[in-house]
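Undergrad: sequence and computational prediction follow.
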Amino acid sequence: LDELKSLLRRAMEHSPSDSSEALEALGVVCNVSREYDEAVSALESATASRPDDYTLWNRLGATLANAGRSDEALPNYRRALGLKPKYARAWLNLAISHSNLRNYDEAARCYLQALSLSPGAHHVWGYLRIALTCAERWELLPAAASRDLGAFEEHFDFVRY
């Protein structure tokens with residue numbers, strides 16, 4: 001990974017005005033190697049060049065969350081969702097960060113939004129059950145077990161697609 005990071009840095013030096021993709025790649029490599037501060041710095045620089053790239057904002061949020069900074073991740077996921085409201089991955093990541101922060105009702109709402117966009121994401125139903133259990137919303141566990149999105153509409157504000 002060190003060699004790859006070195007190559008990416010050289011690419012940025014060679015063409016500093018067009019380095020956002022190299023910055024993004026460096027952010028991903030540093031995230032994988034758990035060098036979170038460097039990853040966040042690279043991704044923040046990339047978002048400055050590409051402020052309308054929803055995947056980049058989501059990636060920055062995920063890197064912050066991986067660094068144990070879920071509270072800082074939230075606005076980045078919201079920025080991604082502001083650019084693309086039907087981005088299921090950002091809804092899932094937002095839910096996970098809310099769970100990490102013990103905001104279980106909001107996590108459940110975000111999991112439901114992700115499921116509305118991607119109902120076949122079976123693993124998300126498991127995450128939803130965990131959030132409901134942590135929120136002590138026992139009455140909703142049967143709806144989660146039967147994967148009945150409609151049963152949640154009167155309990156949570158989310159958009160069905």
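TA: Sure thing, it's come through.

Undergrad: okay, now the unreliable bits of this structure?
TA: 5, 12, 14-18 (pLDDT under 70).

Undergrad: try it again with 80
TA: 1-19 (pLDDT under 80).

Undergrad: in contact with the spatially most central residue of the chain, which residues?
TA: With distances taken as C-alpha atoms, centre = their mean, residue 93 lies nearest the centre of the chain, 2.9 Å away. Going by C-beta atoms under 8 Å, 6 or more residues apart in numbering, residue 93 touches 58, 61-62, 65, 73, 77. The way it works is simple: take the backbone N, C-alpha and C, and place the C-beta from them, glycine included.

Undergrad: what's the answer for residue 66, then?
TA: Neighbours of residue 66 in contact, by C-beta under 8 Å, 6+ apart: 31, 34, 36.

Undergrad: just give me the closest of those residues to residue 122.
TA: Distance to residue 122 across those (C-beta to C-beta) is lowest for residue 31, with 25.8 Å.

Undergrad: thought that closest one was touching residue 37?
TA: No - taking C-beta atoms under 8 Å as the definition, residue 31 is not a contact partner of residue 37, at 10.7 Å.

Undergrad: the two: which is more packed in?
TA: Taking neighbours as other C-beta atoms under 10 Å, residue 31 and residue 37 compare with residue 31 leading, 22 against 10.

Undergrad: ok, residues contacting stretch 32-40?
TA: By C-beta under 8 Å, 6+ apart, the list of residues contacting stretch 32-40 reads 1, 26-31, 60, 63-64, 66-67.

Undergrad: Throw the residues you listed into JSON lines and include secondary structure, thanks.
TA: Formatted as JSON lines, those follow (DSSP: H, G, I helix; E, B strand; the rest coil):
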{"residue": "1", "secondary structure": "coil"}
{"residue": "26", "secondary structure": "helix"}
{"residue": "27", "secondary structure": "helix"}
{"residue": "28", "secondary structure": "helix"}
{"residue": "29", "secondary structure": "helix"}
{"residue": "30", "secondary structure": "helix"}
{"residue": "31", "secondary structure": "helix"}
{"residue": "60", "secondary structure": "helix"}
{"residue": "63", "secondary structure": "helix"}
{"residue": "64", "secondary structure": "helix"}
{"residue": "66", "secondary structure": "helix"}
{"residue": "67", "secondary structure": "coil"}
